[in-house]
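[1] Give me coordinates for this.
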Amino acid sequence: MPIHTLQAKRIMPRGVSGLLAAAVLGAWLGAPSPAARAANSQRPARDPFLAQLAGRWQLRGTVLGKPVRYHGSAVWILNDGWLRLGLVDRAKPPAYQADVYLGFDAKAGDYIAHWLDQFGASGARVVATGYRDGRTLVLIFPYDGAPFRDTLTLSEDGESGQLLLESQNPDGAWSTFATYVMTRIGTR
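    Model (predicted):
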């Protein structure tokens, strides 16, 4: 046990050291003011385009020219600030898994995405920004040496879509990395 904990136990009545520790921890973490708590209690407005992605999906396509099938499940999390799209390869055992966090920044008027997968932290250092043009969302992940462009197009009824992932070559041209056809499973 660290020496400062032993000293605190000697000089404080039982229970007081726990209260003191909680108070110090609360002050250190910076308890929000009443105004900040009120502002943070309001949910961000759900982006109507992203809202169409909520639910279960089947994705069929190719990665580097090889056929793949994924199961996708998109749910709102963190007070509806993010839509998390979980992707799992349907192979047994799964060869690939990822969670993609999608959000809309109403103040900046753009989309943000974090792509986290089984390959760890190095790929997660990059945050994508993007824009929507009608039924199409384009996200750019500025990876060092090989940026990626993800283009998601949803059908008018939101029941199907296409996802194209491209990597940028050193000459600036875009090459197909993966393509998927998305089909909703069940109802929203």
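[2] Show me where this structure has its strands.
    55-63, 66-77, 82-89, 97-105, 110-117, 128-133, 136-141, 148-154, 160-168, 174-185 (DSSP state E).
[3] got a markdown table for the ones you listed, with mean neighbour count, distance to residue 45 and mean pLDDT too?
    All C-beta atoms are positioned from the backbone trio N, CA, C, and that covers glycine. Converted to a markdown table, those look like this (neighbours: other CB atoms under 10 Å; distance: least, CB to CB, whole Å; pLDDT from 0 to 100):
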| stretch | mean neighbour count | distance to residue 45 | mean pLDDT |
| --- | --- | --- | --- |
| strand 55-63 | 17 | 19 | 97 |
| strand 66-77 | 15 | 12 | 96 |
| strand 82-89 | 19 | 13 | 96 |
| strand 97-105 | 18 | 8 | 96 |
| strand 110-117 | 18 | 14 | 96 |
| strand 128-133 | 16 | 15 | 96 |
| strand 136-141 | 19 | 17 | 97 |
| strand 148-154 | 19 | 19 | 97 |
| strand 160-168 | 18 | 22 | 97 |
| strand 174-185 | 16 | 23 | 97 |
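[4] who wins for proximity to residue 44 among those?
    The minimum distance between residue 44 and the strands of the chain falls on strand 97-105, with 8.0 Å, by CB to CB.
[5] still on that earlier bit, would you mind putting the strands of the chain into CSV with distance to residue 47 alongside?
    As requested, the strands of the chain are exported to CSV (distance: least, CB to CB, whole Å):
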stretch, distance to residue 47
strand 55-63, 15
strand 66-77, 10
strand 82-89, 8
strand 97-105, 4
strand 110-117, 8
strand 128-133, 9
strand 136-141, 10
strand 148-154, 12
strand 160-168, 15
strand 174-185, 18
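[6] I appreciate the help and will end here.
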